[in-house]
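J.: below: sequence and its predicted model.
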Amino acid sequence: MSEIQIENREESNALEKSEKAERYWLSLDQWNNDDEFQKIAEQEFLSSPLREDAENGSQESGWARREFLKLMGASLAMTSAGCLRRPVQKIVPYNKQPEEVTFGVSNNYSSVYFDGSEGIGLLVKTREGRPIKIEGNEKHPLNKGGTSVRAQAHLLSLYDPERLRGPRQKSGASAKWEEIDDAVVKQLGKGGVVVMTGSLASPSTRALVTDFCQGFGAKHIVWEPLSYEEIREGQKASYAAPFSPDQTGVPFYRFDKAKVIVSVDADFLGTWLAPTVFTRQFSSARKNIEKMNRLVAFDSYYSLTGANADIRMRIKPSQQLDVVMGLAHEIVLKQGKSHFSGDSRVKAALEPFANVSIKLGMEPALFSQIAKDLIENKGESLVVAGGLPTMTEKAVELQVAVNFLNSVLENDGKTIEFKSAFAGLNGSMKSVLELIESMNTGSVKTIVIHKTNPIYNLPESLGFKEALKKVEMVLYTGDRVDETGRQADYVIPDNHSLETWGDIETAGGYYSLQQPTIRPLYDTRSFQLSLMTWAFMSKKGSSRLTTPETYYDYLRAFWKDEVLPKVAKGKDFEDFWETALQEGYVEVPRANSAPRVFKAESLSSVTPWSQSGYEVVLYPTVALGDGALANVSWLQELPDPVTKICWDNYVSLSLATAEKLKVKEGSLMELNMSGQTLTLPAHIHPGLHDEVLAIPVGYGRTAAGKIANNVGVNSFNLGRKKGASVVFSGMKAELKNTGKDYQLANPQGHHVLGDSKTAGRKIVVEATLAEYLKDKAANNHNHKIWSIWEGHQYNGNKWGMSIDLNACTGCNSCVVACQSENNIPVVGKKYVIQGREMHWLRIDRYFVGGPAQAEAVFQPILCQHCDNAPCETVCPVLATVHSSEGLNDMVYNRCVGTRYCSNNCPYKVRRFNWFNFNKDIEKPLHLALNPDVTVRMRGVMEKCSFCVHRIKEVKNTARLEGRNLKTDEVKVACQSSCSANAIAFGDLNNPDSEVAKAFKDDPRSYALLEEFHAAPSVRYQTKIRNNHQEKRYNDAHKKGGHA
Amino acid sequence: MMQRSPLITGNKTLKDITDDIAAPIESMPGNGWVGLFLGAKALFVFYIITIGIVVSTGMGLLGVNHPNAWGTMIITFVFWIGIGHAGTLISAILFLFRQKWRTSVARTAEAMTVFAVMTAGLFPLMHTGRPWLDYWLFPYPNQRGPLWVNFRSPLLWDVFAVSTYATVSMVFWYIGMVPDFATIRDRAKNKIRQTVYGILSLGWRGTARDWSHYEIVYMLLAGLSTPLVLSVHTIVSFDFAVSNLPGWHTTIFPPYFVAGAIFSGFGMVVTLMTLVRIGFPTFKDYITINHMEVMNKIIMTTGLMVGYAYASEFFIAWYSGNIYERFVFVNRAFGDYGWSYWIMVCCNVLSPQIFWFKRFRRSIPVMFVVSIFVNIGMWFERFVITVTSLHADFLPSSWGSYAWSRYDSFILLGSFGMFLTLFLLYLRLFPAISIAEIKPMLHVGKEGGHQ
C-alpha cells in the first residue's frame, strides 16, 4: 500500500542504496570526545564489512552479511578500485527519462512546512529528484517568500544518517509492519486509547485524528512545548465569545497595520507564533520611513524583538504584568482616554498599578510617552505578550491585561484579527497533566505519540516517563529512537515532511498543500496512513477514514469536501487542486473582525505581583526552537542572533550580577531551584535586568543523534508545576559559581561600538527618525576620495547588492540559506572556538550604549565584491580575480592557500578550509549538496560568490530565450530567504534595478569602510530608530565630509 | 699611528693556522659534539614528522585561524630569514669595506646564513593550504592555458627575493671555501677524504691564475650579495607593508626590517660563536674577544635602530590621525597581546643597552645571555607584527585570538633542530674559518714589531 503517487522518482532508488552510512564527520564529534565518539574513532579506518558488524552489533545482524556480499560483488567488478574509500563511480543515465526531470535543471515544487508554531509556504528545489534547497514561496500571501531558519534547515533532517530505516521494537530489533499492525489492532480493541500529538496545523490530519478517535472512542491530546495555551486561556477569560467553534483561539496579528507596537516578552520577530510572517509584516511597515512604526519592547531576556526595538526596556518576568497594567493605568486613569475610565471594576483593578514606571526603574516621562503613543494611534497600535518567557504563574492574567489594553486601544478586530485565528495551535498543558493522571491510574491502555517528544520537552518532575511505563502499549511515530522513542514499544517512523503529502493551514483561512519531493528514503509510513490502516483492519471509524486507500486519497477527499466549498464553491475540483499545487496556497475570503466586548469583570483576577531575588526565564532560540531539530548541524552551528553563541546553552546574566557573583564569561554556574540543580556556563549579557537568569531551551538532548546529544543542558526540566499549569518563567532560583571554567563557542565577542577602542568607526550608521526627517542622509557622512586610476570598466552587467539595515532584523535566515545554497560545511564547536567557522555570510551584531541599556544593531556581512579588491592584488597565483561584471571570483582549483587575501581583506569575509571538511560528510547527507556549487577541498580559500551560479543560470535561460535579462531577474540565495526584504540584488548598470536606485538615489546608502576605498559592490542603508530622541550620536563623527 | 690590536692571538705560524682550522675535520668528534648532534638530529626528525602530520591533515592543526590567517610559520620564516642577514653583511659588505676583522667570523656567519635561509625557505612553502601545488608560485611555461603568476603580489616578489638570496649566498659561500677544500684535500691521509674534498675543490691548484680568478669572482659575488642584504628583507617586509592592514601598511618597514634582520643576525652569530669558542678552544685565538666586542657594538647600534623604529611607528600612528592605525598600535602595547610587545621591547631595546659598558661588551656570559634575549625578542617582534595587527583590524566583529596549538610549538622548536643539525655538520665537515683568508691577517696588530 504505497501512498506516494508520483512516478518520476526512479533515481531515488539509487539514493536508498547510498544511504548506508560511513562515519559521521570527525570534527563535529571531536569536541564531545564522549565514549560514542571514541568508539567511532577506533573504527574509523576499519574499511571492512566487519565494521558494520561492530557498530550495529546484534541489531542488524543480517545486514552485515548482505553488505559483505554486495561489497564482494562490487570489488570483483571494480578491478581498478584499490580500496573502499575511493570506489569507482559509475555514471548511469536514466533508463527511462522521467518526464519532468532534466539533468542539470532544477525543479521547484510548492510545499509547506509547519514547525509546531508557524506554517510557511515553501518552494522545494530538487535536482535529479532530490530536494537540495528550500526557499519561501514568493506567492504565498503570508510569508511572501521569506523563510525561517528551521524551515530551510529541516532539509538536512531528511538526509539525517541517524533516521530510522524502518520500524523498531522496544528491544531495538527491527519489526515488520504487518506484525506491528496486527499487534496494534489487537491492542486497540482493548480500548483506553489516547492519541497524543503536537499542534496539528494540518486540517486533514486534524479531521483524520478526529475520525480515528471517534471510531475507537479514543482521546486526542494536543501538546506542544511552545503551546500558546496562555493566549487561548486569556482570550477565553476576556471575551464572551472569543472565537467561532472551529477556530483555535490564538488570534492573527497584523503588525503591518500597527503604528505603535508594544511587545512584552513576545518575541514575534524571533520565535513567537509566526515570526517569519510577522517579520515580513513588521518590516513592510518600516519601508516608508516617514511613516514607520515604532516598536517598544519590554524584555526579560535579550530577545530578537528587543534587539530590533526602537525603545527597549529591561524587565524581569514578575514585572510583565506591571508593564501592561501600568500602561493601561496611564491611558485609562491618568489620561482618562477610554470609555473604560468610568468603570469602577476597571478602576479598582488598575489602581494598584499607579507608579509602575518607578518600580520598573524607567523614566516616568518615557513611560507616559509610550502610553500616549499607544492611545494616539488607537486602532493602529498593538500590544502583544506571550510565549515561554511569559509562562509565569500569572500568565493568563497577563493575557487578560493585554486583551484589556488592546480593547482600550480599540485594536481588537483591527490589528488583532480573531476571525482568521491560527489553526491547530491547541497544545494544552492542562490536558497533559490530566493524561499523566489517567496513565497513572492505568486507564490508558494504548497511546500513540506523534510529532511531539514529551519525555524530552516536559519537565522531568511531572513524572510523564513513569506514568508512560504504566501504559500497555506505547506507539511513537518519531523518525529516530529519541527520548520518547526509547520508551515506546514500537517506533513506527513517520515519513519526513518532504516525503509525504499533507496540508497546512498556515493561519486561519490560508491552506497550503505539502507535496512529497522525494520517494520515502526508508521503510517508513505516514502517521495518517498508520491510523487509517488500523481503522481499516479493526473495521472501526467512519467510511471517510476506512475507504480511501492512502492518505493522499483521504487528503484529496477532504479538500474536495471541506476546503473547496470554503474557498471556491462550485469550482471543478481537479482545476482547484492543480492550482493549489501550483500556487502553493488557497485562501478563504477574509471576514472582517468586528471588535469584541471585553469583560471588565475578568480584570478582577489581575492583581499586582512582585518578587525579589533572581528569576529564571526560559526562552526558545531562533535556531533550535523547542529542540525538535536539534540534530541538524546547520542549526547547532548557527550563532544565536543576539548572543552569537552556538553549540551550547548557558545562563545569561547582567554585567552587574556577574560582578556581584564574581563571574567571568564561561564560568560554570550551579543553578539551584527549590532543591533541583542545573549546571551550565554563564554568559554575561548587556541589557539584562539584574535579577534575571535567562536560559535557552532546546538543548541537552540525550537521544537525538550524534550532533545534538549532550550539547548544552535540558532546561525544560526547570519547569514547575503550579496549580493546574506549569510555569517556565519567573521561578525564583539561586545561582552559585562552581569556580570551574567552560568555553563557549562565540564567533563574535561583545563589541560595543563607540567605546574607547572603536570610537569613530563608521560601521553601522544609525539615525533617529527626528534626524532623518530633517536630513535623509543624517549621520551618513561621505569621504572625498580621489584616485589616480579611473577604475574598471563594466560594459555589460555590474552586479551589486544593497542591504537595508533598517529592515534587517538579524534573524539569520540568510545565513542558513547561504549555507544550504553554497555547500558550506559545519565545523563543530571545537573549531568554532578556534575561529574556523565557515559561514560565507555572517550577521555582525554590535551593542550601542552602556551595558545596562545596550541597544543592538545587526549588519549582514558577506564578500563586498570590491572594485578595488585588496584580495585580488595580493594573490600570487591569480586564484582570486575580478570578473568583467564586477564580481570578485574565487578560482578554487587555482588556489594554493597562502591566505594572504584573507589578511588583506578589511571585511574579513574570506573563509579557509583548514581541514577537509567536505570529505567527511556522512552519507546520505551529501545528497543535500547543491550540484551547482563545487565542494571545496582542504587548503582552499572560499567566500561569497554573489551566487554566481544563479547569475549564470538566469543568463543562460535568457540567452536560450533570445532576450535580455529582465530587471531584477537574478535572485541570490540570501535575498530570496529574507523575510524582511532587506536585501536587494541586481545590475547596477541597469538604472531601473532596485539596487541601482538604492545606490544612486537613497541618501541612506553608504559603503562600509568607504574611506578605505576598496569600492565595494555592497552598500548598506542606515538604520533609523523611531524613538523619541533628537540625536543618535553625541560624538564628532558627524555628517559632512572629510578627505 | 694608533696601534691596532692583533686579530689573531697566540703567536701562530702559518702551519699552526692550517692545523688548528683543519683539526675538527681531520679528527674524530668528541662526546660533546656527538651529544649535541644526536639531540639536534632527533629534533630535526621530530620536525619532519610534525610537518608531515600538518601537511597531511591540514593547516588547522596550527593556531592560524580566522582572522589570523598567518601565524607561526610566517613569523618563524621572517625570523630565520632575518638571522641570515648578518652572514651576508659580514662576508660581503664588510669585505668590500675592507674590514679585516670579519675574516675570522665570515665563514661561519655565512654558513649560518645559508642554513637559516634553508630553514626559512621551507616555511612559506609549508604554510600554504596545498603545499603540493607550491610550484604554481613560480613563473614557468606551463600547459595550464594562459595561467601565469601575479606579478603584483608581494608574495611572488618574496619567492624571487628568497630564492635569489639563497642561490647567491650559497654560491658565495661555496666559492669562498674552494681554496680551503683544496688544502684539506692536500692534507688528506685517506682516500675518501681526498676524493670528496678533491671534488669539492673543483681542481684548485693554487696557481697565480687560480688566485687571480678567485679574487675577482669573490669580489664580484661580494658586490652581488651586497644589495641582496638590503633587498631581501625589504621585500620580505613588503609582504606586510604592501598590504592594507593597519599595523602592516607602513613605509618604515623596509629599513626597519633590514635593521632588525642585521640585529637578529648578529645576535645569532654571537650565540653561535660563543658556542664554537667553547666547543673548539683553539678557535679562541682566531675569534678573539675583540671580534666579539665589535659584533656587540653592532648589536647595540642596530638595537637602537629598531628601538627608534618602534617609537617612530607609534608616532606616525598618532600623527596619521587614522583611527584604525592608532587603535592597532595602542592595542599592540596594551591589548590582549601586550605581553608579547613588552617582551619584544625588553629583549630588543633594553637588553643590548648593557653593551654601553666595555666590561659587559667583552664578557662572554653576558653577551651570550644578551644574544639569546635578542633572538627571543626578534621572534616576538615578528609575532607582534603578524598577530597583533591581524587579530583586531577594521570590523570589531571579526576580532579573534590566535589559537596557539602544540603544533605551533613543535614547528618552532623543530626548525631549530634542522638549523642546528646542519650547523653542527658544517663545523665538522667544512673549515669553519677561512684558512686562506685568515693567513694574511696574521700580521695585523703586529706591525709595531718592524718599527
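T.: That came in fine, so what should we check first? Small disclaimer: the values here were computed from a predicted structure and weren't measured.

J.: got the phi/psi numbers for whatever residue of the stretch 101-250 of chain B ends up closest to chain A?
T.: In the stretch 101-250 of chain B, the residue that lies nearest chain A is residue B:129 (2.0 Å; CB to the nearest CB). The C-beta positions use only the backbone N, C-alpha and C, and glycine is treated the same way. Backbone torsions for residue B:129, taken as degrees, to the nearest 10, come to phi -70, psi -30.

J.: next up, the contacts around the closest residue to it other than its chain neighbours.
T.: Computed as CB to CB, 6 or more residues apart in numbering or on different chains, the closest residue to residue B:129 that is not its neighbour in sequence is residue A:897, at 2.0 Å. Listed by CB atoms under 8 Å, 6 or more residues apart in numbering or on different chains, the contact set of residue A:897 reads A:912, A:939, A:940, A:941, B:59, B:128, B:129, B:130.

J.: looking at residue A:897 now. What's its pLDDT?
T.: In this model, residue A:897 is scored at 94, pLDDT.

J.: what about it, is that helix, strand or coil?
T.: coil (DSSP: H, G, I helix; E, B strand; the rest coil).

J.: quick one, phi psi at it?
T.: phi 100, psi 40.

J.: for residue A:491, same thing?
T.: Dihedral angles for residue A:491 - degrees, to the nearest 10 - are phi -100, psi 120.

J.: that older thread, ok, the contacts of residue A:897 vs residue A:321, which is closest?
T.: residue A:912 (51.5 Å; CB to CB).

J.: would you list the phi and psi of that closest one?
T.: Torsion angles, degrees, to the nearest 10, at residue A:912: phi -110, psi 140.

J.: what pairs with it across the strands?
T.: Beta-bridge pairing of residue A:912 under DSSP bridges involves residue A:941.

J.: quick revisit: list the contacts of the residue of the stretch 101-250 of chain B closest to chain A.
T.: Taking CB under 8 Å, 6+ apart as the contact definition, residue B:129 lies against A:895-899, A:912-913, A:938-941, B:58-59.

J.: per-residue confidence for it?
T.: Per the predicted model, pLDDT is 93 at residue B:129.

J.: and if you look at the one 5 residues further on?
T.: On pLDDT, residue B:134 comes in at 93.

J.: pretty sure it contacts residue B:128?
T.: Yes - using CB atoms under 8 Å, residue B:134 is in contact with residue B:128, at 5.9 Å.

J.: show me what contacts the residue lying closest to residue A:813 once chain neighbours are set aside?
T.: Nearest residue to residue A:813, sequence neighbours excluded (CB to CB, 6+ apart): residue A:977, at 4.7 Å. Residues near residue A:977 by CB under 8 Å, 6+ apart: A:135, A:136, A:146, A:147, A:152, A:813, A:814, A:816, A:817.

J.: in the sheet, who's paired with the second one?
T.: Okay, so that is residue A:136. For residue A:136, the beta-bridge partners are residue A:122 (DSSP bridges).

J.: could you verify my assumption that it touches residue A:120?
T.: Yes - the criterion here is CB under 8 Å, and residue A:136 meets it with residue A:120 at 6.5 Å.

J.: would you mind listing the residues touching both of the two?
T.: A:143, A:146, A:147, A:151, A:276.

J.: and the last one, which of the three is it?
T.: To tie it back to what came earlier, the one meant is residue A:276. At residue A:276 the chain is in helix, as set by three-state DSSP.

J.: circling back to that earlier point, most surrounded residue in the contacts of residue A:897?
T.: Neighbour tally across these (other CB atoms under 10 Å in any protein chain shown): the maximum, 29 neighbours, falls on residue B:59.

J.: might you report the residue contacts of it?
T.: Contacts of residue B:59 (CB under 8 Å, 6+ apart): A:897, A:912, A:914, A:939, B:127, B:129.

J.: quick check, pLDDT for the residue nearest to residue A:813.
T.: With respect to pLDDT, residue A:977 scores 94.

J.: which residue is the nearest non-sequential neighbour of residue 303?
T.: By default, I'm working from chain A. Closest to residue A:303 by CB to CB, 6+ apart is residue A:267, at 4.0 Å.

J.: wrong one, I was asking about chain B
T.: residue B:352 (3.7 Å).

J.: hang on, that neighbour in a helix?
T.: Yes - counting by three-state DSSP, residue B:352 falls inside a helix.

J.: that one and residue B:371 touch, don't they?
T.: No - with contact defined as CB under 8 Å, residue B:352 does not count as touching residue B:371 (9.3 Å).

J.: between those two, which has more neighbouring residues?
T.: Taking other CB under 10 Å, residue B:352 and residue B:371 do not tie; residue B:352 has more neighbours (29 against 26).

J.: residues contacting the more buried one?
T.: Residue B:352 touches B:299, B:300, B:303, B:304, B:370, B:374, counting by CB under 8 Å, 6+ apart.

J.: can you redo these as a markdown table with secondary structure, neighbour count and pLDDT?
T.: Formatted as a markdown table, those follow (DSSP: H, G, I helix; E, B strand; the rest coil; neighbours: other CB atoms under 10 Å in any protein chain shown; pLDDT from 0 to 100):
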| residue | secondary structure | neighbour count | pLDDT |
| --- | --- | --- | --- |
| B:299 | helix | 28 | 94 |
| B:300 | helix | 20 | 95 |
| B:303 | helix | 26 | 94 |
| B:304 | helix | 16 | 95 |
| B:370 | helix | 27 | 96 |
| B:374 | helix | 27 | 95 |
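
J.: farthest pair within those residues?
T.: So, these by CB to CB: farthest apart are B:304 and B:370, at 13.9 Å.

J.: re the thing from before, need the residues touching each of residue B:352 and residue B:371.
T.: Shared contacts of residue B:352 and residue B:371 (CB under 8 Å, 6+ apart): residue B:299.

J.: leaving out the residues flanking it, which one is nearest to the residue of the stretch 601-750 of chain A found nearest chain B?
T.: The stretch 601-750 of chain A approaches chain B most closely through residue A:748 (4.9 Å), counting by CB to the nearest CB. Leaving aside its sequence neighbours, residue A:748 sits nearest to residue A:644 (CB to CB, 6+ apart; 4.5 Å).
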